[in-house]
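> just coords:
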Ligand SMILES: [Zn+2]
């Protein structure tokens, strides 16, 4: 059975207990958005660590909680569409994007059939992928990028944080 078949089977079971979300409010109760990493260790964990329940905040996840322009679009759309007034940028300890090496990633990409000429189109693949060296510094840069962005409203409060996957502590990044 393929993984997709397994997922469909799980979903059939799930549907028996699903309650319609049609009447669920579309706007987050806390007028809050959280930009964080795709790291699996944060999924479900970070919501609880921040005391946020379904309906409290919009979560946006990108690799390394970075923002390129496509990802910026998701944040800006959420801010206006969901009337977001406060945004948390949450980086975390031991982030995979904090230790990605261009050469290593290139090797994996080539092994998985990406053509050399396709890779050659990227002058700085490491930068394009959003690799960084320091998680806290990366949070500062993301906050700055958002604050400086021309479509970010002035009334949006933005604060950076660092989440420890070891202790569960959330520290402000200033
Ligand atoms: Zn990460």
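The structure has been received and is ready for your questions. Computed from a predicted structure; not experimentally measured.
> all helices for this structure, in order.
3-15, 45-49, 69-81, 102-111, 116-120, 125-129, 135-148 (DSSP state H).
> looking at these, which is buried most?
Greatest average neighbour count among the helices of the chain goes to helix 135-148 (a mean of 18), per mean count of other C-beta atoms under 10 Å. Where you see a C-beta, it was placed from the backbone N, CA and C, and this is true even at glycine.
> so it, near the ion or not?
No: shown here: helix 135-148 not in contact with the ion (C-beta under 5 Å from the ion), separated by at least 7.8 Å.
> show residues contacting that helix.
Here helix 135-148 makes contact (C-beta atoms under 8 Å, 6 or more residues apart in numbering) with 35, 64-67, 72, 75, 87, 89-93, 95, 97-98, 132, 152, 158-162, 173.
> for the closest residue to residue 126 other than its chain neighbours, give its distance to residue 144.
Spatial nearest neighbour of residue 126, chain neighbours left out: residue 102 (3.8 Å); criterion: C-beta to C-beta, 6 or more residues apart in numbering. According to C-beta to C-beta, to the nearest Å, residue 102 and residue 144 sit 24 Å apart.
> circling back: and the helices of the chain as CSV, adding distance to residue 59?
Converted to CSV, the helices of the chain look like this (distance: least, C-beta to C-beta, whole Å):
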stretch, distance to residue 59
helix 3-15, 20
helix 45-49, 7
helix 69-81, 9
helix 102-111, 26
helix 116-120, 32
helix 125-129, 22
helix 135-148, 15
